[in-house]
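Colleague: Show me how the following folds:
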Amino acid sequence: MNKWTKMTQGMDQLARKSNEDIFLSRTPSVVWPSDVVRNDVTTNKNSDSNQILKHVLTDIASRSTVHGISNIVSSKSIYTRLVWILAFLACLGLVVYQLVKIFVLYASFPTQTTYKLGRHSDFPSVTVCNNGYAEYDYSYTHLVENMLVNCKYAQVNGSCETPSSYVSSKYGTCFTFNPPNYLTKISGLHGGITLELNLETHQQRNIEYGMRFTVHDMNTFPFPFEKGITVSGGDVGYISITSRQIKRLGGDYGDCQNEKQIYGRIYTSKACSQLCWEELLYDECSCIDPDLDSLLWQVGNITGSNCYNKIIGDPSPCYLRARELYLSPERRNWCDCPLSCRENIYSLKLTRHQWHTGPNVRLYLDKVCEQIYNSSPFSCELASLYSDSFREAGDNFMKVVIYLQDSAREIVEEEPLYQRSQMLADIGGSLGLFIGASVLSLGEVIEVFTAIFCRRKNSHQTNSN
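Modeller: Numbers count the residues shown, from 1 in each chain. Next up, the predicted model:
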């Protein structure tokens, strides 16, 4: 082989290598026929899966119970389909608007008030105070056993229990009866409680002889000064009771107190407010408000003077500062005293006439001296009354009958105005009116989501293979 032949062969080899490099540079990867076939199969499978999903969704929509959807799917004309789409969207907007109004109304927890008649379940407690001590003389205390001559329930002698007593800042000794509940079945004068009382006027400096009566729920604070009624000495008084029970819902429907107690007594809004003021006044000034029958005095055994100047009767500077503090916004928020969830409101009406007159007064005086003081008339504590006129002696005694005017009472009750059942009915009505949907339409929604989920799951498995 000559030199020229060898050179020619070398150039041919170099050309072939260059062509191979150019081909490889233009073709970054080699696609084998099997790969092309596999990709075509995957694409076909995905396409088939989409077609199946589209067919399933179209089938569900064509038989949907929701008005408008089937018409949108089945319409052949694009204009008809557009009209149905706009109509459906308009109705869907109205449904959303109605649902928002329904939920807002339900979330506001509206109430309505109903009035009805019901029987009394409990006879109220009766608190009695001697009105002769408008300015209390702390040197003397009336004893219940000296004041109570006779007590009867439903005209039955000896049926009363011993009353409980407390010391009032305005009236001195007061005592409370808790009559049995069977009295609620006997309305009128033949029911209730009858009291014969000895006022012990010989121990009093006040010429306004009489007794103060008030009724209230058992184990609540009495307010004889503000809610009581006075029967004068020498009279027979008939006090009729009418009541109204108020029931409040509380919770989401309003703020009311149900189970709280104050100093071992059942909560009332009035007692809470008064105690809030009294506690502030006593902490600031160590005195009590003379315009109130002190509740702290009843339960706390406090010893405080009158907050008013005894000479001129004006409030002390400390009292005025405490009052300004109590009325400040910060203190008002601190004194949180909502209304009771269940409350009985009592109204009293008094009719009266003169009791013992003439010689009958002396006979009754003899009875009281023997029964109460265990002494003869002339050695009795009431002996000074024998020298008084019949009218003056008669002012030392009184008789009172306290009874239910009627066995029925008015019940005022808060009730939910918009309850959950009504809300569900309104939701169903709105969905049915505008788009024809119902609870069973949820099955179609579940069916749609199931079809989409299955398609995605199958597509994922296909891509994995």
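
Colleague: Find the residue closest to the one residue sitting closest to the centre of the chain in space, skipping its chain neighbours.
Modeller: For the chain, the residue nearest the mean C-alpha position is residue 250 (2.0 Å; C-alpha atoms, centre = their mean). Leaving aside its sequence neighbours, residue 250 sits nearest to residue 256 (C-beta to C-beta, 6 or more residues apart in numbering; 4.1 Å). In short, each C-beta sits where N, CA and C put it, glycine included.

Colleague: Run through the residues that contact the one you found.
Modeller: Residue 256 makes contacts with 248, 249, 250, 338, 339, 340, 341, as judged by C-beta atoms under 8 Å, 6 or more residues apart in numbering.

Colleague: Among the residues you listed, which one sits closest to residue 437?
Modeller: For the contacts of residue 256, the minimum distance to residue 437 (C-beta to C-beta) is 33.1 Å, reached by residue 249.

Colleague: right, and the closest one touches residue 342 too?
Modeller: No. In this structure, residue 249 is not within contact of residue 342 by C-beta atoms under 8 Å, at 10.7 Å.

Colleague: ok, the residue nearest to residue 385 when sequence neighbours are not counted to residue 387 distance?
Modeller: Closest residue to residue 385 apart from its sequence neighbours, by C-beta to C-beta, 6+ apart: residue 393 at 4.4 Å. According to C-beta to C-beta, to the nearest Å, residue 393 stands 9 Å off from residue 387.

Colleague: just residue 111 next, same as before
Modeller: Going from residue 111 to residue 387 by C-beta to C-beta gives 65 Å.

Colleague: more crowded one of those two?
Modeller: Relative neighbour count places residue 111 above the other of residue 111 and residue 387, with 16 against 8, counting by other C-beta atoms under 10 Å.

Colleague: I figured that one hits residue 250, correct?
Modeller: No. With contact defined as C-beta under 8 Å, residue 111 does not reach residue 250; the gap is 10.6 Å.

Colleague: Now do the helices in this structure.
Modeller: Taking DSSP state H, the helices of the chain run over residues 3-26, 33-62, 69-74, 78-107, 144-147, 224-227, 269-285, 295-300, 317-326, 329-334, 360-372, 390-394, 420-435, 442-464.

Colleague: Could you give me the buried positions within the third one?
Modeller: By neighbour count on 16 or more other C-beta atoms under 10 Å, the buried set for helix 69-74 is 69, 70, 71, 72, 73.

Colleague: now do the fifth one
Modeller: When burial is assessed from 16+ other C-beta under 10 Å, helix 144-147 yields the following buried residues: 146, 147.

Colleague: Who does residue 216 form a beta bridge with?
Modeller: residue 125 (DSSP bridges).

Colleague: burial of residue 397, as a residue count?
Modeller: Using other C-beta under 10 Å: residue 397 sits among 26 other residues.

Colleague: what's the distance between it and residue 86?
Modeller: Going from residue 397 to residue 86 by C-beta to C-beta gives 92 Å.

Colleague: ok, now residue 372?
Modeller: 96 Å.

Colleague: ok, the two, which is more surrounded?
Modeller: A count of neighbours by other C-beta under 10 Å puts residue 372 above the other of residue 372 and residue 86, at 19 against 11.

Colleague: Which residue comes closest to that one once chain neighbours are left out?
Modeller: Distance criterion C-beta to C-beta, 6+ apart; nearest residue to residue 372, sequence neighbours excluded, is residue 146 at 5.7 Å.

Colleague: Assess the claim that the one you found and residue 200 are in contact.
Modeller: Yes. The pair residue 146 and residue 200 passes the contact test of C-beta under 8 Å, sitting 6.4 Å apart.

Colleague: Surely residue 219 touches residue 268?
Modeller: No. Residue 219 is not in contact with residue 268 according to C-beta under 8 Å; the separation is 10.6 Å.

Colleague: more neighbours, those two?
Modeller: Neighbours per residue, other C-beta under 10 Å: of residue 219 and residue 268, the larger number sits with residue 268, 22 against 12.

Colleague: and the more buried one, what is it in contact with?
Modeller: Taking C-beta under 8 Å, 6+ apart, we find residue 268 in contact with 220, 221, 262, 340, 343.

Colleague: which residues does the last one contact?
Modeller: What it means is residue 343. 245, 246, 248, 268 are the contacts of residue 343 under C-beta under 8 Å, 6+ apart.

Colleague: That one and residue 240, how far apart?
Modeller: Noted for residue 343: a distance of 20 Å to residue 240, by C-beta to C-beta.

Colleague: beta partners of the residue lying closest to residue 195 once chain neighbours are set aside?
Modeller: Excluding the flanking residues, the one nearest residue 195 by C-beta to C-beta, 6+ apart is residue 400, at 4.9 Å. For residue 400, the beta-bridge partners under DSSP bridges are residue 195, residue 237.

Colleague: Return the residues in contact with residue 159.
Modeller: By C-beta under 8 Å, 6+ apart, residue 159 lies in contact with 151, 152, 153.
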